[in-house]
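# Give me a model of this one.
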Amino acid sequence: MTNCITPGTFPGLILQRLMKTNAYYLPLFFLFLLTGICSSAQHKVILGSIRDSHSEEKIPFASVQFKNTMVGRQSDSAGNFQFYLAEWPSDTLQITCVGYQPFYFIIKPAKDSIHAEINLERGTFTENATVRVKVNKGLLLWKKIVQHKPENDRYRFANFSYELYNKLELDLKNFNFEKFGKIKPLRPITELINQNIDTADGLKYLPTFLSEVISDYYYQEKPKKRREVIKSVNTTGVSNESFSKQLGGMDQNVNVYNNFIPVFDKEFVSPISDNGDYYYNYRVVDTQLIANQRYFHLVFTPRRNGAVTFEGDCWVHAGTFAIQKMSLRLGKDADVNFLENLSMIQEYKMINDSTWFLAKDKFVADLSPIGKDKPGVIGRKTTTYENIVVNDSAVVNELAKNKVMEEVITLPDAHNKSREYWVTARHEELSKTEKGIIKMIDTLTNAPVFQRFTKTLDFIGTGYKTIGNYQIGPWMNWVSSNGWEGLRLRFDVNTNHHFNHKITFHTYLAYGFKDKKLKGMADFFYLPTKSPRMYIYGAYTHDLDWGQNYYGEVSQDNIFSLAIRKQGVPVKNTSVDEKRVEFFYESSKWMSNKLTITHKITTPLRNLLPADSFAVGIPGKPFSNFEVSLRFRFAYLEKFLETYFYRSSLGSPYPIGEIYISHGFPGVLNSSYSYTKISASVSDYFKIPPFGSVSWFIYGGKTFGTLPYPLLDIAPGNELYYYNKYAFNMMNRWEFVHDRYAGINIEHNFGSGIFRLFPKIKARQLWTAKVLWGGLTPANRALNFKTGNSFQTLDDKTYLELGTGVDNIFHVFRLDFVWRVLPSTLPKTGDKTFGIFGSFRLTF
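Sure thing, here's the model as predicted:
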């Protein structure tokens, strides 16, 4: 590099003259030099920063060198670099870093000042890694990290709290707006986007959603308690409170010190797992001194293909062996559906001389559901942590307010914060792009043409269409067919929250062209309070009975059931005339109660014993019952996603139990039967990494009384070739009747399994087992097993179905192979012991 002052130059002559005259002018001379003369000799300047092209995180200590020269340096700990030169050493700047592809930045010689933003594309961590050494320093460093995990994990503290800032952005990618605009119905959307976004150079991303949440989070180890107070929420077009709670910090469950790290619904082995050496190879590639503290640069790669592992690197503090920053990657070969790329970054900072605490999380997922370079979604989530307090009585006092182990509280004015508030409250200023996103999304969501477009997509996807204060659908129930009704048409109408915020009405009419009968239903749902949740539901139904319907399964009143019904199975139909009233009350955060009053008349239509066969010796109408039931539901820490009226369970980390008690009252509304029913069930879903996940369901019940078959327990059968998770798929409907029963359903999806040998297929292996025990009292057997009946009973023997299957075929299809193992003998000719069933399962 050229010196600023040399003999014979103009500054050198001035310096010699001043030294001979008066030293008083020397400071003025040096000021003169600093303001211009020195810079005139160094007139080539390049300033730059280096980032990961996917996560947009700065890359520290990358090598920056002018090609074919000795002039170069490393980027600093913040990923920045700078050169001040008299002339360009070469016309190419070469940037390299472990885990990234080399990048060549071309310099135009005519330019004197350059600002370079370098985005490195990912490469591999295994390049030039075949070095054999007697001592593996990487493995030794991993052992030290594991040894010091109890001293560095933030959950070592008795309690802690912090202020959390969460930012979530969703973008659409790879949209060809030129082709998009050629479709006439979509042309207005294209024009609207072009008016708000500069697409001259091609549009790489279309921002669709941005949210910000600021909250105070509190944690205590013993007894374990967690509390989050959401202070402010800023979302573009979304103001759902339960959704806002999901954007807080209660479910921030990524902790690199854990043995497993969640990615969507999978659990991947952490690089610093206690058994990490079984899954990873380790290398120390660098050592750096930052703020007088020494750090090791550790790189890790999977030991075998197809394992639930990451690749990436981390910086490790030499004194405490604490993680200062860890970067994790998943590529296209990872066993996660639709994933093209993923980055996870977790940074820690010292809050005193030796204590490390979490400072920042970043999660970037690049999803391509229909293939590479096709339209997809990029999600970016950034979380920062400030005002950290550890082992303080103030934390204990705040957690004392909890009524249960976990509570999320949203302050009343959280959604009403001003722009001025957000400017000062954010932990980090929004980028220019993010500010533009807010403005653009507000413009789009308020544009009528965009609202019509999104409503159309919603109608196609959910089946429902909103028209003012009303809603029609679902469209998939409009047309169906069955043996009794022939062609069936049905039309539904609902009111929505615009009609009333506390009550909604729904009705449908259906007509069968073969039986020439009109059917229908009318109901209401009244929700006076959401916390604690309480509602009243009433309904009247006059229609065919379609049996048990479960969320996510195909029912027989559906257009999709036309082509998948089993052949050769006698169709059994009944009609019901039912009046029902329910009263629900959530008595605590973990328990709810529901009182149900029902009057129901069942009429067999075909292939079942007629009601007249049971008309002797009863006070009222046969198959008519009046019942009062009470349900107790126990679901500790269950989470929900709520809409205006209804809510969907997101599950619980604990088993969920239910108890039902019912009693029939004869003589009320011409009912005929006195009985008592008691039943109970427990279910759970849990992960057993790295061996997949298990779901199980245990149930049982007993009926006290002598009753006709429609009022007894009918084992759930399946007469479709579409696999039903909750039914016995090799059993027909109305095949087994019981007044006492118990059963177990188990499903174990253990991930790749044998398909790990063929990682490109990305199929997953599973097995299932369903067991049922049941029986009838002599009185119920004598009443129901008459001439012409088609029922069976297990007589306290075992019914067993075993199955195996292949999941994730083309990411969405599942095949189940099911064997009816017990009873060993089949009662009727034509019954089968083996079946193949298909279904659709959309999971990550």
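
# Please count neighbours and contacts with C-alpha atoms only from this point.
Fine.

# can you map out the helices along the stretch 401-550 of the chain?
Counting by DSSP state H, counting those that start in this stretch, the stretch 401-550 of the chain has these helices, from start to end: 419-425, 432-445, 448-462.

# Dump these to JSON lines, plus distance to Val396.
Shown next, in JSON lines, are these (distance: least, CA to CA, whole Å):
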{"stretch": "helix 419-425", "distance to Val396": "25"}
{"stretch": "helix 432-445", "distance to Val396": "37"}
{"stretch": "helix 448-462", "distance to Val396": "45"}
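
# hey, which of the ones you listed is tucked in deepest?
Relative to the other members of these, helix 432-445 carries the highest mean neighbour count by mean count of other CA atoms under 10 Å, namely a mean of 15.

# now that helix: how far from the chain's centre is it?
25 Å (CA atoms, centre = their mean, to the nearest Å).

# just stretch 647-659 next, same as before
Going by CA atoms, centre = their mean, where stretch 647-659 is centred and where its chain is centred differ by 17 Å.

# where among the helices of the stretch 401-550 of the chain is the average confidence lowest?
With a mean of 73, helix 432-445 has the lowest mean pLDDT of those.

# Keeping just the C-alphas, turn that one into PDB.
Provided in PDB are the C-alpha atoms of helix 432-445 (Å, rounded to 0.1, in the frame of the first residue of the first chain):
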ATOM      1  CA  LYS A 432     -36.500  -0.300   3.600                       C
ATOM      2  CA  THR A 433     -38.000  -3.500   2.100                       C
ATOM      3  CA  GLU A 434     -40.000  -4.300   5.200                       C
ATOM      4  CA  LYS A 435     -41.500  -0.800   5.300                       C
ATOM      5  CA  GLY A 436     -42.500  -1.200   1.700                       C
ATOM      6  CA  ILE A 437     -44.100  -4.500   2.500                       C
ATOM      7  CA  ILE A 438     -46.500  -2.900   5.000                       C
ATOM      8  CA  LYS A 439     -47.500  -0.200   2.600                       C
ATOM      9  CA  MET A 440     -47.900  -2.600  -0.300                       C
ATOM     10  CA  ILE A 441     -50.000  -5.200   1.600                       C
ATOM     11  CA  ASP A 442     -52.300  -2.600   3.000                       C
ATOM     12  CA  THR A 443     -52.900  -1.400  -0.500                       C
ATOM     13  CA  LEU A 444     -53.500  -4.900  -1.900                       C
ATOM     14  CA  THR A 445     -55.800  -6.000   0.900                       C
END
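
# just checking, what packs against that helix?
Taking 3 or more CA pairs under 8 Å, 6 or more residues apart in numbering; DSSP states H and E as contact, the helices and strands that helix 432-445 lies on are helix 187-196, strand 205-220.

# can you tell me which of those the model trusts least?
Averaged per stretch, pLDDT over the helices and strands packed on helix 432-445 is lowest on helix 187-196, reaching a mean of 64.

# any idea how far the one residue sitting closest to the centre of the chain lies from Arg733?
With distances taken as CA atoms, centre = their mean, Phe264 lies nearest the centre of the chain, 5.4 Å away. Counting by CA to CA, to the nearest Å, the separation of Phe264 from Arg733 is 37 Å.

# surely the residue nearest to the centre of the chain meets Phe844?
Yes - judged on CA atoms under 8 Å, Phe264 makes contact with Phe844 at a distance of 6.7 Å.

# Specify the beta-bridge partners of His317.
Beta-bridge partners for His317, by DSSP bridges, are Tyr295.

# Need the pLDDT of it.
92.

# Then the one 5 residues further on?
What the model reports for Ala322 is a pLDDT of 93.

# Burial check on it, number of neighbours?
27 (other CA atoms under 10 Å).

# Could you pull up the contacting residues of Ser211?
With contacts defined as CA atoms under 8 Å, 6 or more residues apart in numbering, Ser211 is in contact with Lys167, Leu168, Glu169, Val233, Asn234, Thr235, Thr236.

# oh sorry, the question was meant for Gln451
Applying CA under 8 Å, 6+ apart to Gln451 gives the contacts Thr445.

# ok so, going back, ok, which of the helices of the stretch 401-550 of the chain comes nearest Leu757?
helix 448-462 (36.0 Å; CA to CA).

# export that closest one as CSV, just CAs?
Listed in CSV are the C-alpha atoms of helix 448-462, where the atom choice follows Å, rounded to 0.1, in the frame of the first residue of the first chain:
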residue,chain,number,x,y,z
PRO,A,448,-61.7,-4.6,-4.2
VAL,A,449,-60.2,-6.6,-7.1
PHE,A,450,-57.8,-8.3,-4.7
GLN,A,451,-60.5,-9.0,-2.2
ARG,A,452,-62.6,-10.7,-4.8
PHE,A,453,-59.6,-12.8,-5.9
THR,A,454,-58.8,-14.0,-2.4
LYS,A,455,-62.5,-14.9,-1.8
THR,A,456,-62.5,-17.0,-4.9
LEU,A,457,-59.4,-18.9,-3.7
ASP,A,458,-61.0,-19.3,-0.3
PHE,A,459,-64.1,-20.8,-1.8
ILE,A,460,-62.2,-23.3,-3.9
GLY,A,461,-60.0,-24.3,-0.9
THR,A,462,-62.5,-24.4,2.0
